[in-house]
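Participant: What follows is a predicted protein model with its sequence.
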Amino acid sequence: MQDVQEKTIKELAKDCHTVDDVQEILKNLFKDTLQQIFEAEIEERHNK
C-alpha cells in the first residue's frame, strides 16, 4: 500500500506547480472520496 501511495504522490506532484495547485488537487480528491463513500452507503442501505 505504501508503494502505491508514494507512486500516486509522485504522479500528482508532477501536475503541481503552486500551492494553489496542491490545494485544488487535495480538495478534489477529498470531494471524490466522500462522494464514493456516500454512494456506497446509499447502495448498501438500498440493498438491505
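Facilitator: Cool, the structure landed. Because the structure is predicted, anything quoted here is derived from the model rather than measured.
Participant: any idea which residue sits dead centre in the protein?
Facilitator: Nearest to the mean C-alpha position of the chain, by Cα atoms, centre = their mean, lies residue 29 at 2.8 Å.
Participant: so which strand or helix has that one?
Facilitator: Per DSSP states H and E: residue 29 is located in helix 19-46.
Participant: now that helix, how far from the centre of its chain.
Facilitator: Remark: helix 19-46 is offset 6 Å from the chain centroid, using Cα atoms, centre = their mean, to the nearest Å.
Participant: I'd like the average pLDDT over that helix.
Facilitator: On average, the pLDDT along helix 19-46 is 94.
Participant: From residue 45, how far off is residue 22?
Facilitator: Look at residue 22 and residue 45: by Cβ to Cβ, to the nearest Å, they are 35 Å apart. C-beta coordinates here come from the backbone N, C-alpha and C atoms, glycine included.
Participant: Could you report the neighbour count for residue 2?
Facilitator: Using other Cβ atoms under 10 Å, residue 2 has 6 other residues around it.
Participant: on that earlier part again, counting neighbours around each, name which of residue 22 and residue 45 comes out higher.
Facilitator: residue 22 (14 against 8).
Participant: That'll do, ta.
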